[in-house]
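**Student:** Take this sequence and fold it.
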Amino acid sequence: MNKEFITLATLTYMRAQLLCARLEEEKIACFMTHVNRIKEGPGGVEIIIRSKDAAKAFSIRDDFLKAYGSEKQPAINFMRIARRILVPFDFTLHAENAAFYALKIAAKMKADIQLLHVYFDPGIIPFSQFESFSLPLFPDDTEKEMEKETAEKLEAFSQKLQKILKQHHVKGVNVFYDLVKGSTVSNILSYIKIYKPGVVIMGTRGSELERFRSFGSVTAKIMKKAAVPVLAVPKDYRSDDLKPPQKVLYATDLDSSDYWALSKLSTFVKPFGAKIFCLHVSEEIEKSEEVYLHKLKKFLQETLHVEKLECGLLECLDPQLGLEDFIKEKKIDLVVMTTRQRNLITRFYTPGVTQKFLFQTSIPLMVFHALQ
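**Tutor:** Okay, here's the model as predicted:
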């Protein structure tokens with residue numbers, strides 16, 4: 001493994017889950033290995049952290065190992081609330097599509113879904129017809145009436161989602177809703193900090209309403225600023241069944257952040273039984289890139305025990321076009337990238353390029369924040 005990472009502890013599966021939850025609560029990146037090798041036996045599951053976090057992490061580990069009973073409850077609570085999906089919702093077709101996609105994920109993860117509607121306060125921010133996830137309000141009684149009607153519509157849609165879950169005999173998934181007033185992006189970001197979802201799922205408008213401008217006003221900003229993974233679902237993607245993604249493409253720029261991102265991704269797709277394609281696209285493949293990808297593949301297979309895996313290098317004069325062709329050829333149904341700068345991923349993430357990609361494809365895009 002990359003020298004930037006070290007083993008913090010080797011514990012039983014359940015105790016490793018609790019310690020990871022405690023570490024993440026303190027904003028320390030970590031992941032478990034060998035989770036498929038042994039579940040409840042003594043030892044076997046390793047917790048990996050970055051070397052730079054060692055001092056704080058070892059202190060937390062020591063306190064955790066001394067804790068018993070109620071002292072472990074905060075970690076248990078954090079692990080439970082992390083199994084949440086936040087869906088910013090504005091009653092449009094693309095927002096409904098994102099909510100239906102959230103059902104796919106929640107059904108396998110047994111996660112709760114929280115619908116969030118943000119509406120403008122005209123006393124703070126003027127309403128813009130291009131801003132999604134918003135509702136113009138008027139003063140006094142009219143505002144209260146519209147709030148009431150909005151809450152009723154949210155409740156009706158949440159019941160619609162629950163009905164779908166019931167029709168598919170899915171248990172252990174709850175659907176909630178909330179509405180807040182103010183600036184759209186800032187309120188969604190604030191809600192993420194309080195609610196602590198494991199992932200945020202949002203819809204994109206496709207080619208409607210000035211294309212890039214409508215997407216960039218909300219979804220792109222949340223992707224860029226949110227600390228949790230954000231999954232954008234294009235309007236044209238069909239979410240009318242509960243089949244989760246089966247072929248997931250991780251576009252790598254062969255950076256050390258791949259170890260953390262892929263560990264999180266493998267955990268995310270494990271309940272789905274999905275195959276991971278790890279691909280690096282470059283105008284000219286170098287020997288060092290081949291060596292790095294070989295090490296990364298070995299890490300995925302031997303440490304993370306990812307069985308359904310395909311790693312490769314693709315030489316192409318136009319990396320973006322090459323990646324899009326690969327997606328079509330392999331019939332990829334989820335693309336995953338990170339926010340790491342100075343690499344190919346940035347070309348897809350920055351305004352103009354990522355947005356062009358999203359509007360030209362019906363494939364959902366998931367963005368992880370890279371380790372700094």
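
**Student:** If you drop the residues flanking it in sequence, what lies closest to A226?
**Tutor:** Nearest residue to A226 in three dimensions, chain neighbours excluded: I192, at 5.5 Å (Cβ to Cβ, 6 or more residues apart in numbering). C-beta: built from backbone N, CA, C; applies to glycine.

**Student:** Distance of that neighbour relative to M223?
**Tutor:** Look at I192 and M223: by Cβ to Cβ, to the nearest Å, they are 12 Å apart.

**Student:** These two: which is more packed in?
**Tutor:** It is M223, of I192 and M223, that has more neighbours when counted by other Cβ atoms under 10 Å, with 23 against 20.

**Student:** any idea what the more buried one is structurally, helix, strand or coil?
**Tutor:** Three-state assignment for M223 (DSSP: H, G, I helix; E, B strand; the rest coil): helix.

**Student:** can you pull the contacts of it?
**Tutor:** Contacts of M223 were listed using Cβ atoms under 8 Å, 6 or more residues apart in numbering, and they are 230, 232, 339, 349, 367.

**Student:** got JSON lines for the residues you listed, with neighbour count too?
**Tutor:** Output for those, formatted as JSON lines (neighbours: other Cβ atoms under 10 Å):
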{"residue": "V230", "neighbour count": "26"}
{"residue": "A232", "neighbour count": "26"}
{"residue": "T339", "neighbour count": "20"}
{"residue": "Y349", "neighbour count": "22"}
{"residue": "V367", "neighbour count": "25"}
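
**Student:** Where do the strands of the stretch 101-250 of the chain begin and end?
**Tutor:** Assignment of strands within the stretch 101-250 of the chain using DSSP state E, counting those that start in this stretch yields the ranges 112-119, 175-181, 199-203, 230-233, 247-251.

**Student:** looking at those strands, which is closest to K153?
**Tutor:** strand 112-119 (8.5 Å; Cβ to Cβ).

**Student:** For H305, see how far away K225 is.
**Tutor:** Using Cβ to Cβ, K225 is found at 33 Å from H305.

**Student:** again with I113
**Tutor:** Using Cβ to Cβ, I113 is found at 29 Å from H305.

**Student:** one step back: would you mind finding the most buried of the strands of the stretch 101-250 of the chain?
**Tutor:** Of all the strands of the stretch 101-250 of the chain, strand 199-203 has the most neighbours on average by mean count of other Cβ atoms under 10 Å, namely a mean of 28.

**Student:** Parallel or antiparallel, which strands does it pair with?
**Tutor:** Using DSSP bridges, strand 199-203 pairs in its sheet with strand 84-88 (parallel), strand 230-233 (parallel).

**Student:** right, and those - which one's nearest V281?
**Tutor:** Closest to V281 of those is strand 230-233 (Cβ to Cβ; 20.4 Å).

**Student:** hmm, back to that, what is the most widely separated pair among the contacts of M223?
**Tutor:** A232 and T339, at 13.3 Å, using Cβ to Cβ across these.

**Student:** who touches both of those two?
**Tutor:** 223, 367.

**Student:** Quick check: which ranges of the protein have low pLDDT?
**Tutor:** 1-3, 34-43, 68-82, 120-141, 205-217, 341-361, 371-372 (pLDDT under 70).

**Student:** And for the spatially closest residue to I363 that is not a sequence neighbour, the neighbour number?
**Tutor:** Residue nearest to I363 in three dimensions, not counting chain neighbours: V335, with 5.6 Å by Cβ to Cβ, 6+ apart. Neighbourhood size, V335 [other Cβ under 10 Å]: 25.

**Student:** Parallel or antiparallel, list what pairs with the helix or strand encompassing V335.
**Tutor:** Per DSSP states H and E: V335 is located in strand 334-338. Here strand 334-338 has these sheet partners by DSSP bridges: strand 247-251 (parallel), strand 365-368 (parallel).

**Student:** In TSV: those strands, plus distance to G172.
**Tutor:** What follows is those, written out as TSV (distance: least, Cβ to Cβ, whole Å):
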stretch	distance to G172
strand 247-251	23
strand 365-368	23
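
**Student:** what about these, which gets the closest to F5?
**Tutor:** Checking the strands paired with strand 334-338 against F5 by Cβ to Cβ gives strand 365-368 as the closest, at 16.4 Å.

**Student:** quick one, what contacts the residue minimising distance to the centre of the chain?
**Tutor:** Closest residue to the average C-alpha location of the chain: P229 at 2.9 Å, with Cα atoms, centre = their mean. P229 makes contact with 198-200, 264, 268, 366-369 under the criterion Cβ under 8 Å, 6+ apart.

**Student:** where do the helices sit along the stretch 1-150 of the chain?
**Tutor:** Under the criterion DSSP state H, counting those that start in this stretch, the stretch 1-150 of the chain contains helices at 13-25, 54-66, 73-81, 93-109, 140-167.

**Student:** Tell me which of these sits nearest to A274.
**Tutor:** helix 93-109 (9.9 Å).

**Student:** now could you export just the CA positions of that closest one as PDB?
**Tutor:** Provided in PDB are the C-alpha atoms of helix 93-109 (Å, rounded to 0.1, in the frame of the first residue of the first chain):
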ATOM      1  CA  LEU A  93     -39.400  15.800 -13.000                       C
ATOM      2  CA  HIS A  94     -35.700  15.700 -12.700                       C
ATOM      3  CA  ALA A  95     -35.900  16.000  -8.900                       C
ATOM      4  CA  GLU A  96     -38.500  13.200  -8.800                       C
ATOM      5  CA  ASN A  97     -36.100  11.100 -11.000                       C
ATOM      6  CA  ALA A  98     -33.300  11.700  -8.400                       C
ATOM      7  CA  ALA A  99     -35.700  10.600  -5.600                       C
ATOM      8  CA  PHE A 100     -36.500   7.400  -7.500                       C
ATOM      9  CA  TYR A 101     -32.800   6.700  -8.000                       C
ATOM     10  CA  ALA A 102     -32.400   7.200  -4.200                       C
ATOM     11  CA  LEU A 103     -34.800   4.300  -3.700                       C
ATOM     12  CA  LYS A 104     -32.400   2.100  -5.600                       C
ATOM     13  CA  ILE A 105     -29.600   2.900  -3.200                       C
ATOM     14  CA  ALA A 106     -31.700   2.900  -0.100                       C
ATOM     15  CA  ALA A 107     -33.400  -0.400  -0.800                       C
ATOM     16  CA  LYS A 108     -30.000  -2.200  -0.800                       C
ATOM     17  CA  MET A 109     -28.300  -0.200   2.000                       C
END
